[in-house]
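Student: Provide a 3D model corresponding to the input given below.
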Amino acid sequence: MAVSTEAIGKRYPPVTYAVGREKIREYAAAVGETNPLYFDVEAAGAAGYADVVAPPMFVVVYAGGAIAPALFDPDVGIDFANMLHAGQEFAWGPVVVAGDEVTTTTAVKDISERSGLRFYEFETDSHNQRGETVCTGLWRQIVRGTES
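Tutor: Numbering: from 1, shown residues only. Model (predicted):
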């Protein structure tokens, strides 16, 4: 079956995530971070931050709820049994700290097919409560076994 590209450009409703201090600490510990900025309010304050700082890859936490609707959208048509994570690219702006509210929107950037593989690209834009872009992301998935 040929890949449908009709979903390219489709945008999904924004999702807002309230960044919590303990979530940052839990995430940092889970991924092996040791930087005191991620754990200690006083260390973060001494460095000029209002609260503990989220590690850059915390983006997967605050953007995850916004990208899920695109991944599960029947118009996009991902076959999860054959899906592989192909990678991601991020560009960060101001750091995210505990107490921020980050709103993320997702769009389908591209869907293509080559050599029996489907390639999906999703773009996210995340802004804090001050309207600053804290991260833009490009998320890639590959689906195997799409031969006609």
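
Student: Can you pull up the most central residue in the protein?
Tutor: By C-alpha atoms, centre = their mean, the chain has its centre lying nearest to A63, at 3.8 Å.

Student: list the contacts for that one?
Tutor: 17, 102, 104, 106, 124, 126, 135, 137 (C-beta atoms under 8 Å, 6 or more residues apart in numbering). Heads up, the C-betas are built off the backbone N, CA and C, glycines and all.

Student: if you set the cut-off to 10 Å instead, what comes out?
Tutor: 15, 17, 88, 90, 102, 104-106, 122, 124-126, 134-137, 139 (C-beta atoms under 10 Å, 6 or more residues apart in numbering).

Student: Likewise for R25?
Tutor: Counted by C-beta under 10 Å, 6+ apart, R25 has contacts 33, 38-40, 52, 54, 98.

Student: Strands along the chain, start to end?
Tutor: With DSSP state E as the criterion, the chain has strands at 15-18, 83-92, 101-114, 117-127, 133-143.

Student: Dump these to TSV, plus mean pLDDT and mean neighbour count.
Tutor: Formatted as TSV, the strands of the chain follow (pLDDT from 0 to 100; neighbours: other C-beta atoms under 10 Å):
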stretch	mean pLDDT	mean neighbour count
strand 15-18	98	16
strand 83-92	95	13
strand 101-114	97	18
strand 117-127	97	20
strand 133-143	97	19
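
Student: Redo those as a markdown table? Include distance to G9.
Tutor: Listed next are these as a markdown table, based on distance: least, C-beta to C-beta, whole Å:
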| stretch | distance to G9 |
| --- | --- |
| strand 15-18 | 19 |
| strand 83-92 | 19 |
| strand 101-114 | 6 |
| strand 117-127 | 10 |
| strand 133-143 | 15 |
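
Student: Nearest to A29, out of those strands?
Tutor: Set against A29 and scored by C-beta to C-beta, the strands of the chain come closest in strand 15-18, at 19.1 Å.
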